[in-house]
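Chemist: need a 3D model of the sequence below.
(chains A and B)
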Protein chains: 2
Amino acid sequence: MASETIKTSQLEMMGQLAKTAETQLSQLSNQVRNQGLKVMAEALMTHTEDILKANQIDLDNATDLKASFVDRLTLTVDRIKAMAEGMQQVAQLPDPIGSVDKMWQNDAGLMIGKQRVPLGVIGIIFEARPNVTADASALAFKSGNAVLLRGGKEAIKTNIAISDVLREALASIDVDENAIQLVHDTSHETANEMMALTGYLDVLIPRGGRGLIQRVVTTAKVPVIETGAGNCHIYVDQYAELQMAVDITVNAKVQRPSVCNAAEKLVIHSAVADDYLPVIAAALADQGVQLRGDERARAIVPSMVAATDADWDEEYNDLIMAVKVVDSEDEAIAHINAHNTKHSEAIITDNYQNGQQFLKQIDAACVYINASTRFTDGFEFGFGAEIGISTQKLHARGPMGLHELTSTKYIIYGEGQVRQ
Amino acid sequence: MASETIKTSQLEMMGQLAKTAETQLSQLSNQVRNQGLKVMAEALMTHTEDILKANQIDLDNATDLKASFVDRLTLTVDRIKAMAEGMQQVAQLPDPIGSVDKMWQNDAGLMIGKQRVPLGVIGIIFEARPNVTADASALAFKSGNAVLLRGGKEAIKTNIAISDVLREALASIDVDENAIQLVHDTSHETANEMMALTGYLDVLIPRGGRGLIQRVVTTAKVPVIETGAGNCHIYVDQYAELQMAVDITVNAKVQRPSVCNAAEKLVIHSAVADDYLPVIAAALADQGVQLRGDERARAIVPSMVAATDADWDEEYNDLIMAVKVVDSEDEAIAHINAHNTKHSEAIITDNYQNGQQFLKQIDAACVYINASTRFTDGFEFGFGAEIGISTQKLHARGPMGLHELTSTKYIIYGEGQVRQ
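Modeler: Numbers count the residues shown, from 1 in each chain, chains lettered A, B, ... in the order given. Got it, this is the predicted structure:
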């Protein structure tokens, strides 16, 4: 019990330090924030050896972890350089703070302006990738927010090394180093306490696999922005061009199958299934994709594995795709809305009405006509950055860039008005 | 345990019905939504007698409640008429749904539009005022959202009568009546279960006193928009005009002392305190305001009660005001940021720099130069409606109108693009 009390007060102390830092941060000019990003980027380069040494300790301790996990954990000279370059790029983005979205005069003659301000203190809970320490810090700092980071225990030495370098760099230009704080205690209890740190954290963003995100969403008292899960569909309409259907389906499935905007399901209209499905299936099989079909799909392409009910809700993040044949666009839309994770959905069609209907009726963060779902990404959207992809409807939906790390305040210019 | 299982499944069933209704609602044209508001308003008028009879049962049961509580619970012919007129007015507001905030072409040539869509299903937990049943339903319906209402047990018969009238009216024009659902079970357990109804509720908005709001904020698993608490300050700068300082302070304090945007604290610069404070204090005393001063304020106006440390954090919602003398604007800003509830703050000054500094450095939803904090209100801001005043930074901050009951989705027009 005593140790829990101490842990709680440590986290609360970090929360207080973050609040104090935030007061300074919110008043810094864009010029100073960009200077901070520049000195942090330079410090990462200068301290590459120290960071690699710390990373080697984590890697030495990672003997019983999966190869893919170890790959995410591993830093190299090039990966550290990429982190530094990422910080430089964030510095070059437009200032997300201070702009007035709109300003109007009300009936009493008050000039009311809605101004962009930082959210405040952002909590990030993440897993193995130590680059999140630098990437999330850069985005938070650019948008005037303090950040409280809690990474996985497997990367703790690396995360400490990176955050120390960043904090020291900020201190060197007289910016409060507590703008960036890393929770050194990687116990589950501390993570749970962090999720309950209302009064200090304005928002919590989990970065990682489905398990982590679900744990944060169901546990946290602090407002959470849910990111990630993507059970994305490609619907090949009866008015689709075959070649476009092949190209988009293959791209959405195989260009990077492990990520959330990769397509997991193919829904195809029965009017073209006989002609198109064998061609699409062959193109996917060429790329090593395992296909799982419903009965009608397997009647056309017998080599498909039989899909079960569970397939329609599963996000494979792998070279697997389930296929369903439908008799109408309405059936396709109903199926997608019933099973999708509200991430990204696409229709392939040359029919104007069908495209418009799909845009209107599909409930998802991003709805496409004739394009790959792989475009759901902050960089592809032109935001110049991405902190995650929101699949919820509150505050932010879809790719989140710097804008989504801001709030607003109303600034009101009066001349002595009182309310009648 | 058995009864709890049944309650849970009842609420979940209501959640499912709300989701189904939401699918229809999100596709209704503004014209049909306005027609719904019109028939609901007419039905309220037609069924005035039934609603008053139900209200009388609640009033008969309210024998041991405070007079102010009974007043909030009481309906009259005029109050029902006001509810109906409110619905008609909401029908006349611009459609918050469907507009595309911005649209651009990305590097790959995709046309990406950010379109306003309903939030989905909104939960409202409220206390004694039965008019919330009609008001919240109107705003939710106009913005294409389904609503799940849970009011206080003291108003249950009235709330059932009103919601039945509204549901019947919707059904009469073939709109899914489950767009509006009232939780009939007013137990605390059911309220707690509703706060955990993730997967069905997209957001929960508590309407009522500080106790209710804090209970919802600390209990809910569903995302909450925190509303209400207002420990608002008037800062009389050394460059304030005396008459303006008197007028705004009196208006902000006494025009309606029970509400969240009323001022609770007066902070005054020492350079003008000797001259101004006696005049302001006399004007407030004339209106029956009890003043509680710090030592320096009491040295100038000895009739003030001594303020304690607790006073600086308290929201009186009454004819009480605490007064603090400061030696600089910096001290005023530091005091306000340390004690305010991030609601509404005002500076009275004729000095340009001091006004700008206050706008920049005060952390609150609404920051005023030379105007009463009482203007923080959806109607005064020109939104034509108000569901509450958000004091948090996520999703919505300040007065919330129809716009704040919406989310967005990205609609993307492609020509076969795939990601490189």
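
Chemist: would you map the helices across the stretch 251-400 of chain A?
Modeler: In the stretch 251-400 of chain A, the helices defined using DSSP state H, counting those that start in this stretch lie at A:270-286, A:295-300, A:329-339, A:352-361.

Chemist: closest one to chain B among the ones you listed?
Modeler: Comparison of the helices of the stretch 251-400 of chain A against chain B by C-beta to the nearest C-beta identifies helix A:352-361 as nearest, at 4.7 Å. In this view, the C-beta of every residue, glycine as well, is placed from N, C-alpha and C.

Chemist: is that closest one positioned near chain B?
Modeler: Yes - Helix A:352-361 is in contact with chain B by C-beta under 8 Å from any C-beta of the partner chain, via A:355, A:359-361.

Chemist: tell me how far residue A:97 lies from residue A:403.
Modeler: 10 Å (C-beta to C-beta, to the nearest Å).

Chemist: between those two, which contacts overlap?
Modeler: Counting by C-beta atoms under 8 Å, 6 or more residues apart in numbering or on different chains, the shared contacts of residue A:97 and residue A:403 are residue A:116.

Chemist: of the two, who's got more company?
Modeler: Taking other C-beta atoms under 10 Å in any protein chain shown, residue A:97 and residue A:403 do not tie; residue A:97 has more neighbours (22 against 15).

Chemist: dump the residue contacts of the residue nearest to that one when sequence neighbours are not counted.
Modeler: Excluding its sequence neighbours, the residue lying closest to residue A:97 (C-beta to C-beta, 6 or more residues apart in numbering or on different chains) is residue A:144, at 4.9 Å. Residues in contact with residue A:144 (C-beta under 8 Å, 6+ apart) are A:25-26, A:28, A:33, A:97, A:117-118, A:406.

Chemist: now with 10 Å, please.
Modeler: For residue A:144, the contacting residues are A:22, A:24-28, A:30, A:33, A:95-98, A:116-120, A:179, A:402, A:405-406, by C-beta atoms under 10 Å, 6 or more residues apart in numbering or on different chains.

Chemist: so how do I select the buried members of those in PyMOL?
Modeler: Selecting the buried subset of those in PyMOL, with 16 or more other C-beta atoms under 10 Å in any protein chain shown as the burial test, is done by:
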select buried, chain A and resi 22+24+25+26+28+30+33+95+96+97+116+117+118+119+120+179+402+405+406
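
Chemist: need the phi and psi values for the residue nearest to residue A:103 when sequence neighbours are not counted.
Modeler: Sequence neighbours aside, residue A:113 is the residue nearest to residue A:103 in space, at 3.9 Å (criterion: C-beta to C-beta, 6+ apart). Main-chain torsions, residue A:113, degrees, to the nearest 10: phi -120, psi 140.

Chemist: can you check the one 10 residues further on too?
Modeler: For residue A:123, the backbone dihedrals are phi -100, psi 130 (criterion: degrees, to the nearest 10).

Chemist: so how many other residues sit close to it?
Modeler: Using other C-beta under 10 Å, residue A:123 has 27 neighbouring residues.

Chemist: which residues does it form a beta bridge with?
Modeler: residue A:148, residue A:204 (DSSP bridges).

Chemist: separation between it and residue A:221?
Modeler: 11 Å.

Chemist: which elements pack onto the helix or strand harbouring residue A:24?
Modeler: Element membership for residue A:24, per DSSP states H and E: helix A:2-25. Judged by 3 or more C-beta pairs under 10 Å, 6 or more residues apart in numbering or on different chains; DSSP states H and E, the packing partners of helix A:2-25 are helix A:30-46, strand A:121-126, strand A:146-150, strand A:180-182, helix A:188-195, helix B:329-339.

Chemist: same thing but at 6 Å, please
Modeler: With contacts taken as 3 or more C-beta pairs under 6 Å, 6 or more residues apart in numbering or on different chains; DSSP states H and E, helix A:2-25 sits against strand A:146-150, helix A:188-195.

Chemist: poorly predicted segments of the stretch 1-150 of chain A, please.
Modeler: A:1-8 (pLDDT under 70).

Chemist: which residues of it lie near chain B?
Modeler: A:106, A:110, A:119-120 (C-beta under 6 Å from any C-beta of the partner chain).

Chemist: got the end-to-end distance for stretch A:204-218?
Modeler: Taking C-alpha to C-alpha, to the nearest Å, stretch A:204-218 runs 12 Å from one end to the other.

Chemist: tell me the pLDDT of whichever residue of the stretch 251-400 of chain A sits closest to chain B.
Modeler: Closest approach between the stretch 251-400 of chain A and chain B, counting by C-beta to the nearest C-beta: residue A:371, at 2.8 Å. Reported pLDDT at residue A:371 in the predicted model: 98.

Chemist: beta partners of it?
Modeler: According to DSSP bridges, the residues that bridge with residue A:371 are residue B:417.

Chemist: ok, it - how many residues close by?
Modeler: By other C-beta under 10 Å, 30 other residues sit near residue A:371.

Chemist: isn't it right up against residue B:417?
Modeler: Yes - with contact defined as C-beta atoms under 6 Å, residue A:371 counts as touching residue B:417 (4.5 Å).

Chemist: can you list residues touching both of those two?
Modeler: Listed as contacting both residue A:371 and residue B:417 by C-beta atoms under 6 Å, 6 or more residues apart in numbering or on different chains are residue B:110.

Chemist: can you name the residue of the stretch 101-250 of chain A nearest chain B?
Modeler: residue A:244 (4.5 Å).

Chemist: tell me which element that residue falls in.
Modeler: helix A:242-254.

Chemist: can you tell me the closest non-neighbouring residue to residue A:328?
Modeler: The shortest distance from residue A:328 to any residue other than its chain neighbours is 7.6 Å, reached at residue A:269 (C-beta to C-beta, 6+ apart).

Chemist: isn't that neighbour up against residue A:238?
Modeler: Yes - using C-beta under 6 Å, residue A:269 is in contact with residue A:238, at 3.9 Å.

Chemist: tell me which of those two has more neighbours.
Modeler: Ranked by neighbour count (other C-beta under 10 Å), residue A:269 and residue A:238 place residue A:269 first, with 23 against 19.

Chemist: residue A:310 - how many residues pack around it?
Modeler: Neighbours of residue A:310 using other C-beta under 10 Å come to 8.

Chemist: the stretch 151-300 of chain A against chain B: which residues are in contact?
Modeler: Counting by C-beta under 6 Å from any C-beta, the residues of the stretch 151-300 of chain A close to chain B are A:202-203, A:223, A:244, A:247-248, A:251, A:255.

Chemist: which of those residues has the most neighbours?
Modeler: Within those, most neighbours by other C-beta under 10 Å means residue A:248, with 30 neighbours.

Chemist: per-residue pLDDT, that one?
Modeler: For residue A:248, pLDDT reads 98.

Chemist: may I ask which of the residues of helix A:352-361 next to chain B has the most neighbours?
Modeler: Busiest of these [other C-beta under 10 Å] is residue A:355, holding 23 neighbours.

Chemist: what sits against that residue?
Modeler: So residue A:355 contacts A:349, A:369 (C-beta under 6 Å, 6+ apart).

Chemist: now residue A:406: how far from chain B?
Modeler: 9 Å (C-beta to the nearest C-beta, to the nearest Å).

Chemist: my read is that that residue contacts residue A:114, right?
Modeler: No - judged on C-beta under 6 Å, residue A:406 makes no contact with residue A:114 at a distance of 11.3 Å.

Chemist: any idea how far the closest residue to residue A:23 other than its chain neighbours lies from residue A:145?
Modeler: With C-beta to C-beta, 6+ apart as the measure, residue B:337 is the residue that lies nearest to residue A:23, at 7.2 Å, once sequence neighbours are left out. As judged by C-beta to C-beta, residue B:337 and residue A:145 stand 17 Å apart.

Chemist: who has more neighbours, those two?
Modeler: Counted by other C-beta under 10 Å, residue B:337 and residue A:145 do not tie: residue A:145 has more neighbours, with 29 against 17.

Chemist: surely that one touches residue A:117?
Modeler: No - contact criterion C-beta under 6 Å: residue A:145 and residue A:117 do not qualify, at 9.9 Å.

Chemist: tell me who's in contact with residue A:227.
Modeler: A:388-390.
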